[in-house]
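Trainee: Quick one, what's the 3D model for this:
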Amino acid sequence: MSETSKTKTLPGTVEPQPLTLLQRMHAVMADVSYVQKDERPIDGKYRAVKHDAVVKVLRKAVVEHGIVITASVVDHAIPAQWEKDGKFGSTHYTLTSCDVKVTFHNVDDKTDTLDVVMLGYGVDNQDKGCGKAISYAVKYALLKAFMLETGDDPDNDQTDAVDVPKRDTLEMPPVSSRVRVILHDAIKGLSKEQKTLLVEAFPACVSDGKFTFKPYTDKELELMLDKTNELKTTEPPF
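Mentor: Take a look at the predicted model:
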């Protein structure tokens, strides 16, 4: 068996041995070292390295060296929302954050993997905030994992493509998405009688016949969750 981009003859051996994941990533780093910025400036301010440009420059090398890359969201939140007045009225913007786990796999050994967790942010006025945040996280995970040069130093950035208002003008959500989901699922498990007791303890949690969490702070929502769990473990007095 002759050597390939996925094997190497080690000292003291005759036959080429499969490369480890780190050896394969090292080979990719030797093949690819630079990512070209987009020629079109963002909002006429600066040029940036885009997600697709990073994927394009790496794809041939990672395939050749037997590396598969996957991405999964491990956590997400909406830390801020705000309104921005424009020529055609007010536009609602959302800032989405995602913790994304990017996993590098050795195609010849399913146990040989490497995880890189990266935080990404995305600002959008429709439904693309999460997708932008994921692309941002994956792009930087690839750039850092393979130590790719871009000619761009984020530490020196003085501009941003999105005009984000000052913190005191942001509309902060009343409760984190994680607590909201946990509480919603917990309430679904209550009986009709138990839901009645919960509403008696938190009258504002129902609007138009549906449960709502908007009137409450994070701390109050935690108390509601504690009450919900307490009701699940006690028999209602009916």
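Trainee: what does the biggest helix by length in the chain rub up against?
Mentor: Counting by DSSP state H, the longest helix found in the chain is helix 129-145. Outside helix 129-145, the residues within contact range by C-beta atoms under 8 Å, 6 or more residues apart in numbering are 25, 35, 49-51, 54-55, 58, 69, 71, 73, 76, 78, 94-100, 102, 104, 114, 116-124, 148, 150. For every residue, glycine as well, the C-beta is placed using N, CA and C.
Trainee: Can you point out the buried residues in that helix?
Mentor: Buried residues in helix 129-145, counted by 16 or more other C-beta atoms under 10 Å: 129-130, 132-143, 145.
Trainee: Just give me the neighbour total for Leu190.
Mentor: Neighbour count for Leu190, taken as other C-beta atoms under 10 Å: 16.
Trainee: Verify the stated contact: it with Glu230.
Mentor: No: Leu190 is beyond contact range of Glu230, at 10.9 Å (criterion: C-beta atoms under 8 Å).
Trainee: In strands, which of the contacts of helix 129-145 fall?
Mentor: By the criterion of DSSP state E, membership of these in strands covers 69, 71, 73, 76, 78, 94-100, 102, 104, 114, 116-124.
Trainee: The residues you listed, buried ones only, as a PyMOL selection?
Mentor: This is how PyMOL selects the buried members of those, with burial counted by 16+ other C-beta under 10 Å:
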select buried, resi 69+71+76+94+95+96+97+98+99+100+102+104+116+118+120+121+122+123+124
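Trainee: three-state assignment of the residue lying closest to Val206 once chain neighbours are set aside?
Mentor: Sequence neighbours aside, Val199 is the residue nearest to Val206 in space, at 5.4 Å (criterion: C-beta to C-beta, 6 or more residues apart in numbering). Assigned state for Val199: helix (three-state reduction, DSSP: H, G, I helix; E, B strand; the rest coil).
Trainee: so what pLDDT did Val199 get?
Mentor: Looking at Val199, its pLDDT is 83.
Trainee: Among the buried residues of helix 129-145, which one sits closest to Lys87?
Mentor: Nearest to Lys87 among those, counting by C-beta to C-beta, is Gly129 at 22.6 Å.
Trainee: any idea how far Val55 is from the closest one?
Mentor: Per C-beta to C-beta, to the nearest Å, Gly129 is found 20 Å from Val55.
Trainee: Now the helix or strand where Leu221 lies: buried residues?
Mentor: Secondary structure from DSSP states H and E places Leu221 in helix 218-232. Judged by neighbour count (16+ other C-beta under 10 Å), helix 218-232 contains these buried residues: 220-221, 224, 227-228, 231.
Trainee: Tally up the residues packed near Asp58, please.
Mentor: Asp isn't right for residue 58; it's Leu. Leu58 is flanked by 21 other residues according to other C-beta under 10 Å.
Trainee: gap between it and Leu225?
Mentor: Leu58 sits 44 Å away from Leu225, going by C-beta to C-beta.
Trainee: Domain boundaries for this protein, per the record?
Mentor: Domain assignment for the chain, taken from automatic domain parsing, gives 7-169, 177-232.
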